[in-house]
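> Please work out how this folds:
(4 chains)
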Number of protein chains: 2
Amino acid sequence: MALNLPQLRALVAVVDAGGFGSAAADLGLSQSAVSHAVASLERTLAGPLLVRSTPVRTTALGDAVLSHARTALAATDAVVDAAARHTATADGTVRLAATPTVCQGLLPSLLRHWSERLPALRIRVFEGSGEETEAWLASAAADAAIVVDPPPAAGREDPRAGSGALLATDPFLALLPQDHPLAGEETVHVADLADDPLILSPNGCERHIRTLHQLAGEEYTPAHRVRDLGTLISMVQAGLGVAIQPEVSRPLVPDDLVLVRITPHHSRRLVLCGPQNRPWQPAVRALVDSVAQLPTGASGVV
Amino acid sequence: MALNLPQLRALVAVVDAGGFGSAAADLGLSQSAVSHAVASLERTLAGPLLVRSTPVRTTALGDAVLSHARTALAATDAVVDAAARHTATADGTVRLAATPTVCQGLLPSLLRHWSERLPALRIRVFEGSGEETEAWLASAAADAAIVVDPPPAAGREDPRAGSGALLATDPFLALLPQDHPLAGEETVHVADLADDPLILSPNGCERHIRTLHQLAGEEYTPAHRVRDLGTLISMVQAGLGVAIQPEVSRPLVPDDLVLVRITPHHSRRLVLCGPQNRPWQPAVRALVDSVAQLPTGASGVV
DNA sequence: TGGGCTCATGAGGGAGCCTCATGACGTGGG
DNA sequence: CCCACGTCATGAGGCTCCCTCATGAGCCCA
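Numbers count the residues shown, from 1 in each chain, chains lettered A, B, ... in the order given. Sure, this is the predicted structure:
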């Protein structure tokens, strides 16, 4: 004879209503059901819980049990409440904007994570340059975006916007052919690459690469500019030069190229967030929350 | 499809064990039962709770639900724990010593109260004089007693003894025939009764009555001494004199006698307690606790 | 004494929970 | 490459339990 929820509900209802009949009415059951429930609970607890009088009173045993019964019932209600609140906010479709590097390097594992943690959520990915993604987010063409180096916590015009989640602090690395003289090094310096033609990475990384050269006191003279990351990789493979790429592009680097840590150290912050000028979709909040509890800087999100 | 405890137990066990099979082993069930339970819980909450992988991971919905499920289960465990602790301490037989006045005036309602609140407890009443009751308690011939004016909180030799419950502050009243000249008064003074023969109440009340006369500055000259309260009442009914009786004897006073408030005010404290020189029985603790939460000074305990 | 109210108690039906057996899926070693 | 293995899902079946209906017992009050 195991304890169960209807028994506890009956006990609490009888105490609150002051009688079996009115408790049955409150619970939407027959008086008989309430009587059976309390009687079986008294059997499992091996003692009377209630004094049958008008109004009913609790025995000492009933008193000792009652508060725990209330918390148990409150907790089960909290279970269904939490579930209802969750399903109300964590479904629908989110339009997510991101840059090509992020889409190819970081997003696959993120989408896998979300499909596990938030399976009711559909995510449509929109790939664009850094400027495009921010414009889409501002113009409501996207619901969320992975933005690079947003102003930290400031510039949020709508107080309902909330804060984003730091997905990774993404360091810049040197991309070299495997047979490059420095390919085996632990770390290379920007100055060491001055003799190699620099192939400029696509999209919005140019700003960071220029900063890197300024930090090193080196002249910034890119030899080639390409738009597509595939093109860049092919050129490095062909020995036409070297490149500087963020860590997240590692999954895309073929076996015959290597990524080597570069000094001076410089990195960019990749942040998942919703729009700054209007309230976020609940689903976007759920997406951000589900990655916020991950170890920070986890470029290798499972 | 209603939420129930086995479902919550299954969910928590799977998360803790890291898999359905080991959770089933922990719960002493088949793997199939655990699978069915989690599946039905996911149906009632309208969303997946777990990601089936090795080891299993929670979805965001699962996380939101899990902590509430744990508290619900802990509370149900607390219910059976409280009941077990209670039945372990609140049964058996208690030998209760009390004076005749208390036995006749106060005990009936107390015994009714206890038979409701602590029905598993049998109480054997031993009636004796004040000295006898205290001697029985000291010699372990009684397990508890209702004692008059015990030294307040001091003189407790065994620290495990605990403190008693104040049952009543029991004021002394004048017992008069209904046709006595002062019977209609709100309050009478000890000096007003100087002309009436004083019939001494039985048992240990003489000390208090003497104190009353000292407080009033009156001479203390009892005309009659009787042992039995019934005798005293008969004599007052016969017009042979007046008496001074504690409030608790009110239920025993016939209709043709009246109890009138007396000045100077004097009262005795009736305290239920266990022995002072050895640990109390758990059942005695339960008795004391069950009256301690009543309104104090309730000579009219329901 | 009889009516009304309250709770207890059988009998019966239906839904649940559990088990056994089997199938689907992914994984790692020979 | 494929097979063995471990894990979980899924039906079918039995048994327990939970609920309802009907009826009886105890109590209070007129």
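
> What distance separates the opening and closing residues of stretch A:193-200?
Stretch A:193-200 stretches 13 Å from its first residue to its last (Cα to Cα, to the nearest Å).

> Other residues contacting it?
A:174, A:180, A:182, A:206, A:209, A:218-219, A:221-226, A:232, A:235-236, A:240-244 (Cβ atoms under 8 Å, 6 or more residues apart in numbering or on different chains). The C-beta positions use only the backbone N, C-alpha and C, and glycine is treated the same way.

> Report the buried residues of it.
A:193, A:196, A:198-200 (16 or more other Cβ atoms under 10 Å in any protein chain shown).

> A:Asn277: how many residues sit nearby?
By other Cβ atoms under 10 Å in any protein chain shown, 13 other residues sit near A:Asn277.

> For it, pull up the helix or strand it's in.
If you go by DSSP states H and E, A:Asn277 is not part of any helix or strand.

> give me phi/psi at it?
Main-chain dihedrals, A:Asn277, degrees, to the nearest 10: phi -110, psi 10.

> and of the buried residues of stretch A:193-200, the nearest to DNA strand D?
If you rank those by distance to DNA strand D using Cβ to the nearest atom of the strand, A:Ile199 comes first, at 38.0 Å.

> List only buried entries from the contacts of stretch A:193-200.
Using 16+ other Cβ under 10 Å as the burial test, these include A:174, A:180, A:182, A:209, A:218, A:222, A:226, A:232, A:235-236, A:241-244 as buried.

> so what's A:Ala174 up against?
Applying Cβ under 8 Å, 6+ apart, the residues near A:Ala174 are A:182, A:188, A:193, A:242-244, A:259-262.

> so where is chain A shaky, pLDDT-wise?
For chain A, the stretches with pLDDT under 70 are A:152-162, A:202-204, A:293-302.

> Which positions in it make contact with DNA strand C?
Counting by Cβ under 7 Å from any atom of the strand, chain A comes close to DNA strand C at A:19-22, A:31-32, A:35-36, A:38-39, A:52, A:54, A:56.

> Out of those, grab the one that's most surrounded.
A:Val38 (24 neighbours).

> Mind checking which of the contacts of A:Ala174 land in strands?
A:188, A:242-244, A:259-262 (DSSP state E).

> Could you measure from the residue lying closest to A:Gly241 once chain neighbours are set aside over to A:Met235?
Leaving aside its sequence neighbours, A:Gly241 sits nearest to A:Pro197 (Cβ to Cβ, 6 or more residues apart in numbering or on different chains; 3.4 Å). Using Cβ to Cβ, to the nearest Å, A:Pro197 is found at 9 Å from A:Met235.

> Kindly report the same for A:Leu107.
From A:Leu107 to A:Met235 the distance is 24 Å (Cβ to Cβ).

> Kindly report the same for A:Ser115.
Taking Cβ to Cβ, one finds A:Ser115 at 35 Å from A:Met235.

> List the contacts of A:Ala82.
Contacts of A:Ala82 by Cβ under 8 Å, 6+ apart are B:64-65, B:68.

> Excluding chain neighbours, what is closest to it?
Closest to A:Ala82 by Cβ to Cβ, 6+ apart is B:Ala64, at 4.4 Å.

> For A:Leu50, grab phi and psi.
A:Leu50 adopts backbone torsions of phi -130, psi 150, taken as degrees, to the nearest 10.

> ugh, typo on my part, it should be A:Ser139
With angles defined as degrees, to the nearest 10, A:Ser139 sits at phi -90, psi 10.

> so what are the domain limits for chain A?
Under automatic domain parsing, the residue ranges defining each domain of chain A are A:5-88, A:93-167+A:275-292, A:169-268.

> can you give me how far the first one is from the chain middle?
The chain centroid and the centroid of domain A:5-88 are separated by 40 Å, computed with Cα atoms, centre = their mean, to the nearest Å.

> Now do the end-to-end distance for it.
First-to-last residue span, domain A:5-88, Cα to Cα: 26 Å.

> Residue in the stretch 51-200 of chain A with the shortest distance to DNA strand D?
Residue nearest to DNA strand D within the stretch 51-200 of chain A (Cβ to the nearest atom of the strand): A:Thr54, separated by 7.6 Å.

> what's near enough to touch that residue?
A:18-19.

> Take the contacts of stretch A:193-200 and keep only those in strands.
Using DSSP E, the contacts of stretch A:193-200 in strands are A:174, A:224-225, A:242-244.

> And A:His189, how far from chain B?
Computed with Cβ to the nearest Cβ, to the nearest Å, the distance linking A:His189 and chain B is 42 Å.

> Wait, that residue touches A:Gly217, no?
No. A:His189 is beyond contact range of A:Gly217, at 10.7 Å (criterion: Cβ atoms under 8 Å).

> So between those two, which is more surrounded?
A:His189 (15 against 9).

> Share the number of residues neighbouring the residue nearest to the more buried one when sequence neighbours are not counted, please.
In space, and not counting its chain neighbours, A:His189 is closest to A:Thr263: 5.1 Å by Cβ to Cβ, 6+ apart. Look at A:Thr263: counted by other Cβ under 10 Å, it has 15 neighbours.

> Report the contact partners of A:Thr263.
A:187-190, A:216.

> again with A:Leu287
A:Leu287 sits next to A:94, A:96, A:114, A:118, A:121, A:123, A:144, A:272 when contact means Cβ under 8 Å, 6+ apart.

> Tell me which helix or strand A:Ala141 sits in.
Using DSSP H and E, A:Ala141 falls within no helix or strand.

> how far away is it from chain B?
For A:Ala141, the distance to chain B (Cβ to the nearest Cβ) stands at 26 Å.

> out of the residues of chain A next to DNA strand C, who's nearest B:Ala83?
A:Val38 (13.6 Å; Cβ to Cβ).

> looking at this, the closest one is in a helix?
Yes. Assessed with DSSP: H, G, I helix; E, B strand; the rest coil, A:Val38 lies in a helix.
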